[in-house]
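>>> Sequence isn't available, so here's the structure alone:
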């Protein structure tokens, strides 16, 4: 029986989604919880890997169990009784055997959060990155359009990524402001290693008038990473949702 789940987690205390030789991963904690409930050791496959410190509001995953008596629609309740406070399952359902959380994902949306307060705020610091000055949002709106569509995003691929191709499609980039907060919502068919954090880092440079549209076009055409691309901290990034249709 294949079970599909939606997971929310605070990534602060984890080495990322995927099991690592050292450190505790979200994937391993979920597998431990399933084993505790069912007595079966299974692999929990996520829609994609989130890096150490990255959070998730709507990570989707699946796993298989053979002899569980827990109804699929109640699996999330059972799991939440044994999961730690910073990992919770929002819902669960039985999926078709052909469902695959990673290969079947069509669109993913990540949100990167910045705040422009006067002082550091301890309650925000785990989930947002402070910027010192207000951003030029008009400049960002102009430049962000260059990244919409299918492009070779090699310039935003951090070293260490193992993707076979660096071509990806970005469907939308929304910039939403509320009080001192600026949120970048990036929706695409998939992302390279640290791509969203690098892309938003570049757009922040645009908002600080340190980069412009010409820089964006040049990087895309040459595939060259420049010092105007800063990979922002993992703590400001959150996987918002995954779409399968």
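Received it, and whenever you're ready, just let me know what you need. A quick note: this is a predicted structure, and the numbers were derived from the prediction, not measured.
>>> Only C-alpha atoms from now on, for both contacts and neighbour counts.
OK.
>>> gap between residue 188 and residue 111?
Remark: distance between residue 188 and residue 111 (Cα to Cα, to the nearest Å) = 12 Å.
>>> So for the two, which residue has more residues nearby?
residue 111 (25 against 21; other Cα atoms under 10 Å).
>>> what's across from that one in the sheet?
When assigned by DSSP bridges, residue 111 has beta-bridge partners residue 185, residue 238.
>>> mind starting the numbering at 750 from now?
OK, 750 is where the count begins now, so the last one is residue 860.
>>> if I pick it, what's in contact with it?
Shown in contact with residue 860 (Cα atoms under 8 Å, 6 or more residues apart in numbering): 932-935, 986-989.
>>> one more time with 10 Å
If you count contacts by Cα atoms under 10 Å, 6 or more residues apart in numbering, residue 860 has them with 804-806, 922-924, 932-936, 945-946, 949, 985-990.
>>> Quickly note the distance from it to residue 946.
10 Å.
>>> which residues are common contacts for those two?
Jointly contacting residue 860 and residue 946 under the rule Cα under 10 Å, 6+ apart are 985-986.
>>> Now list whatever residues contact both of residue 937 and residue 860.
With Cα under 10 Å, 6+ apart, residue 937 and residue 860 have common neighbours 922, 945.
>>> Report how many residues lie close to residue 866.
As a burial measure, residue 866 scores 15 neighbours (other Cα under 10 Å).
>>> try residue 907
Residue 907: 16 neighbours (other Cα under 10 Å).
>>> And the one 5 residues further on, by the same measure?
Applying other Cα under 10 Å, we find 11 other residues in the vicinity of residue 912.
>>> Surely it is in contact with residue 902?
No - look at residue 912 against residue 902 with Cα atoms under 10 Å: they stay out of range, at 11.4 Å.
>>> Which residues are in contact with each of these two?
Common neighbours of residue 912 and residue 902, using Cα under 10 Å, 6+ apart, are 940-941.
>>> quick one: the longest strand along the chain to chain centroid distance?
Using DSSP state E to define each element, the chain has its longest strand at strand 916-927. Offset of strand 916-927 from its chain centre (Cα atoms, centre = their mean, to the nearest Å): 13 Å.
>>> For that strand, buried residues please.
Within strand 916-927, the residues that qualify as buried are 917-922, 924, counting by 16 or more other Cα atoms under 10 Å.
>>> what sits against residue 987?
Residue 987 makes contact with 757-760, 799, 802-808, 858-862, 876-877, 934, according to Cα under 10 Å, 6+ apart.
>>> what's the spacing between it and residue 825?
Distance, residue 987 to residue 825, by Cα to Cα: 21 Å.
>>> Also residue 834?
14 Å.
>>> Which one's more surrounded, these two?
Between residue 834 and residue 825, residue 825 has the larger neighbour count (other Cα under 10 Å), namely 21 against 10.
>>> The more buried one against residue 841, yeah?
Yes - using Cα under 10 Å, residue 825 is in contact with residue 841, at 5.4 Å.
>>> what sits in contact with each of the two?
Here residue 825 and residue 841 have 753-756 as joint contacts, going by Cα under 10 Å, 6+ apart.
>>> Could I get the full set of strands for the protein?
Using DSSP E, the strands of the chain run over 751-758, 794-795, 804-813, 836-844, 856-864, 878-879, 898-901, 916-927, 930-937, 986-992.
>>> between these, which one is nearest to residue 966?
Proximity to residue 966 (Cα to Cα) singles out strand 898-901 among the strands of the chain, at 10.8 Å.
>>> can you pull the buried residues of that closest one?
The neighbour-count check on strand 898-901 (16+ other Cα under 10 Å) flags 900-901 as buried.
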